[in-house]
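K.L.:
What follows is a protein structure lacking sequence information:
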RNA sequence: CGGGGAGUGGCGCAGCCUGGUAGCGCAUCUGUUUUGGGAACAGAGGGUCGCAGGUUCGAAUCCUGUCUCCCCGACCA
């Protein structure tokens, strides 16, 4: 991994640099960019307006893609009867250890000023707070599908889910998180697999085009499969510390869940047949991915497509009567920018009229990562100019000062849409270049793997190795070997070259190339 | 869930070992002087020290329990 910067003389907006302590830096960004805060409830966070605004943008863009594919939104209950889970053995085993369970429906006074669950109000059957909704949506599908004419059934829901995680991190792994889960049912394997891959490519497009995060889309190895799935596919992104983040998953579930829930249809010949189902999801974890892909030592940098405010205007108020004229001028600038269209949508501009010095507010917006920050003083107003700061390049590396430019107002407005598109592209290019520079190919032995990931190697990045795709016990052995080095198998990228060597683990002829990395 | 660390004004911390009426920096508010780039000075407000018990004349400080956060591990689409 290349150096984050050689700008040691610069006074950055954060106190922790990525290079010094990436985990501490991450937490500082979450708090300094005003994204989220601890709630006092284990593993649960309060998502603040700027953080939620980014999530809402992601939601909007993803929802458009989902609907464009003909998938319809629904909403299913948060509570799932415990017995639903016992129908699919692997599924229950996969989630049993991390489920929150509701057992009572009433509280009574404990006589000591507190409240306890009323023993008389114990539920006949405990309700599980959904960790994912395959089982309850499967029930609905079984009711909704009778004929081949009812297929495919394409549904999605935006919801919160709860998984009682042992170790949590803001956005990356929280006990409760927000996500979308698509659930579809099809006539046959081919149709279901096509849908699984459609969703996967939708995630790739959203990650790369909207979040500016380059990803590898590919199939997960057998040991990483979703409980109950026949195939699990993922998009994998490289964070700035070289670790991998699984940013979205798409599963081909075969007939496993259809069998468990009785999702059947009469085919064209009148034969009762099990459906083939899929499920796919992305979550608020994507916000964590944005932070660790685009954040820098001054805070977050939000790609324009998902920035709640793409351009922020800061009037240099003096707390004097002439402020009014300046504000009126800034409002004109705001209106002319808001009338533009950039990246396919109206430009989102904020005129930040809060009292306070422009410089202080500027650093606020730098930490939050607004793509473009404009400062306007009375002299700018007289000269018809603006002071413009691009968040993706805020430092003049020669002077160590903020890299303001001072275009004429009309020129800036005329070029604003292009500027936002350029920033979106620049963030993607920077991330893609960094990722590609940190993937090593051609490693042919476990000794080389161990050396590559030795403790004194600061940014080992990822390996792409050839393997024979072992299964069962042979795969378990590989996983154990990698685990000793804190490594995991990520996925087999669809676009990877064909194998032409031997398996790095077994020595047998290789059949494909798989990514190996440390992971979140 | 195992090992380690931590919870004291909004934020960051000191005080705790060796109990004796709570302190610093930043932020906030007021005033003055400034101000084209993260202002200076002066003054003011704000905390039952995570929570619950216990020991004691007296607890931020000692003891027990508990909750939450951070790091390592186990676990984890």
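P.N.:
The structure has been received and is ready for your questions. The model shown is predicted, which means the values in this text are computed figures rather than measured ones.

K.L.:
For the stretch 151-300 of chain A, which segments are assigned as helices?
P.N.:
A:189-205, A:256-261, A:285-294 (DSSP state H, counting those that start in this stretch).

K.L.:
For those helices, give me TSV that also has mean pLDDT, mean neighbour count and distance to RNA strand B.
P.N.:
For glycine as for every other residue, the C-beta is placed from the backbone atoms N, C-alpha and C. Output for the helices of the stretch 151-300 of chain A, formatted as TSV (pLDDT from 0 to 100; neighbours: other Cβ atoms under 10 Å; distance: least, Cβ to the nearest atom of the strand, whole Å):
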stretch	mean pLDDT	mean neighbour count	distance to RNA strand B
helix A:189-205	98	20	12
helix A:256-261	95	23	12
helix A:285-294	97	25	8
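
K.L.:
just so I know, which of those lies nearest residue A:506?
P.N.:
helix A:189-205 (27.3 Å; Cβ to Cβ).

K.L.:
ok now that closest one, how far from the chain's centre?
P.N.:
18 Å (Cα atoms, centre = their mean, to the nearest Å).

K.L.:
Ok, stretch A:215-223 next?
P.N.:
16 Å.

K.L.:
Quick check: what element follows the helix or strand containing residue A:91 along the chain?
P.N.:
Per DSSP states H and E, residue A:91 falls inside helix A:89-95. Once the chain leaves helix A:89-95, the next helix or strand it forms, by DSSP H and E, is strand A:101-104.

K.L.:
Show me what that following strand is packed against.
P.N.:
strand A:122-129 (3 or more Cβ pairs under 8 Å, 6 or more residues apart in numbering; DSSP states H and E).

K.L.:
partners of the strand it packs on, with directions?
P.N.:
Sheet pairing for strand A:122-129, assigned by DSSP bridges, gives strand A:79-81 (antiparallel), strand A:101-104 (antiparallel).

K.L.:
May I see the helices of the stretch 151-300 of chain A organised as JSON lines, with distance to residue A:179 added?
P.N.:
Below are the helices of the stretch 151-300 of chain A laid out as JSON lines (distance: least, Cβ to Cβ, whole Å):
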{"stretch": "helix A:189-205", "distance to residue A:179": "12"}
{"stretch": "helix A:256-261", "distance to residue A:179": "18"}
{"stretch": "helix A:285-294", "distance to residue A:179": "8"}
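
K.L.:
Looking at those helices, which is nearest to residue A:277?
P.N.:
Here helix A:256-261 is closest among the helices of the stretch 151-300 of chain A (Cβ to Cβ), at 5.2 Å.

K.L.:
can you list the residues that contact the closest one?
P.N.:
Helix A:256-261 has contacts (Cβ atoms under 8 Å, 6 or more residues apart in numbering) with A:87-88, A:90-91, A:134-135, A:138-139, A:141-142, A:185, A:228-230, A:263-264, A:274-277.

K.L.:
Show the contacting residues for the residue nearest in space to the middle of chain A.
P.N.:
For chain A, the residue nearest the mean C-alpha position is residue A:286 (1.2 Å; Cα atoms, centre = their mean). Residues near residue A:286 by Cβ under 8 Å, 6+ apart: A:55, A:58, A:207, A:211, A:247-248.

K.L.:
Would you write a ChimeraX line that selects the buried entries of the residues you listed?
P.N.:
In ChimeraX, the members of those classed as buried (16 or more other Cβ atoms under 10 Å) are selected with the following command:
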select /A:55,58,207,211,247,248
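
K.L.:
on that earlier part again, quick one, which of the helices of the stretch 151-300 of chain A gets closest to residue A:76.
P.N.:
With distances scored as Cβ to Cβ, the stretch of the helices of the stretch 151-300 of chain A nearest to residue A:76 is helix A:256-261 (12.8 Å).

K.L.:
and that closest one, how far from the chain's centre?
P.N.:
29 Å.

K.L.:
Would you state the strands of the stretch 351-500 of chain A in chain order?
P.N.:
Ranges of strands within the stretch 351-500 of chain A are A:372-376, A:387-390, A:395-396, A:401-402, A:439-441, A:462-467, A:488-489, A:492-493, based on DSSP state E, counting those that start in this stretch.

K.L.:
ranking those by burial, who's on top?
P.N.:
Across the strands of the stretch 351-500 of chain A, averaging neighbours per residue (mean count of other Cβ atoms under 10 Å) puts strand A:372-376 on top, at a mean of 25.

K.L.:
ok so, going back, just the closest of the contacts of residue A:286 to RNA strand B, please.
P.N.:
RNA strand B has its nearest neighbour among the contacts of residue A:286 in residue A:248, at 8.6 Å by Cβ to the nearest atom of the strand.

K.L.:
ok, now which ones touch that closest one?
P.N.:
Here residue A:248 is in contact with A:200, A:203, A:206-207, A:234-235, A:280-282, A:286 (Cβ under 8 Å, 6+ apart).

K.L.:
tally of neighbours for the residue in the stretch 351-500 of chain A that RNA strand B sits nearest to?
P.N.:
For the stretch 351-500 of chain A, the nearest residue to RNA strand B under the criterion Cβ to the nearest atom of the strand is residue A:379, separated by 2.3 Å. Residue neighbour count, defined by other Cβ atoms under 10 Å, stands at 10 for residue A:379.

K.L.:
And the pLDDT for it?
P.N.:
Looking at residue A:379, its pLDDT reads 90.

K.L.:
Ok, residue A:112 next?
P.N.:
The model's pLDDT for residue A:112 equals 71.

K.L.:
burial count for it?
P.N.:
Residue A:112 has 7 nearby residues by other Cβ under 10 Å.

K.L.:
Then residue A:270?
P.N.:
Neighbours around residue A:270, by other Cβ under 10 Å: 8.

K.L.:
For it, report the pLDDT, please.
P.N.:
The per-residue pLDDT of residue A:270 was computed as 95.

K.L.:
now it: how far from RNA strand B?
P.N.:
Note on residue A:270: its distance to RNA strand B, by Cβ to the nearest atom of the strand, to the nearest Å, is 35 Å.

K.L.:
measure the residue nearest to the centre of chain A to residue A:500 for me?
P.N.:
Per Cβ to Cβ, to the nearest Å, residue A:286 is found 35 Å from residue A:500.

K.L.:
and what of residue A:81?
P.N.:
Taking Cβ to Cβ, one finds residue A:81 at 52 Å from residue A:500.

K.L.:
Next: residue A:173.
P.N.:
In terms of Cβ to Cβ, residue A:173 sits 38 Å off from residue A:500.

K.L.:
more neighbours, the two?
P.N.:
Ranked by neighbour count (other Cβ under 10 Å), residue A:173 and residue A:500 place residue A:173 first, with 17 against 9.

K.L.:
wait, the more buried one sits on residue A:164?
P.N.:
No: using Cβ atoms under 8 Å, residue A:173 is not in contact with residue A:164; the gap is 11.2 Å.

K.L.:
what residues are shared contacts of those two?
P.N.:
Among the neighbours of residue A:173, none is also in contact with residue A:164 (Cβ under 8 Å, 6+ apart).

K.L.:
Stretch A:336-352 vs RNA strand B: in contact?
P.N.:
No: figure legend: stretch A:336-352 not in contact with RNA strand B (Cβ under 7 Å from any atom of the strand); closest approach 13.4 Å.

K.L.:
How about stretch A:495-515?
P.N.:
No: judged by Cβ under 7 Å from any atom of the strand, stretch A:495-515 makes no contact with RNA strand B; its nearest approach is 14.0 Å.

K.L.:
Check the offset of that stretch from the chain's centre.
P.N.:
With Cα atoms, centre = their mean as the basis, the mean position of stretch A:495-515 lies at 29 Å from the chain mean.

K.L.:
May I see the strands of the stretch 351-500 of chain A organised as JSON lines, with mean pLDDT added?
P.N.:
Below are those laid out as JSON lines (pLDDT from 0 to 100):
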{"stretch": "strand A:372-376", "mean pLDDT": "95"}
{"stretch": "strand A:387-390", "mean pLDDT": "96"}
{"stretch": "strand A:395-396", "mean pLDDT": "88"}
{"stretch": "strand A:401-402", "mean pLDDT": "86"}
{"stretch": "strand A:439-441", "mean pLDDT": "95"}
{"stretch": "strand A:462-467", "mean pLDDT": "96"}
{"stretch": "strand A:488-489", "mean pLDDT": "96"}
{"stretch": "strand A:492-493", "mean pLDDT": "97"}
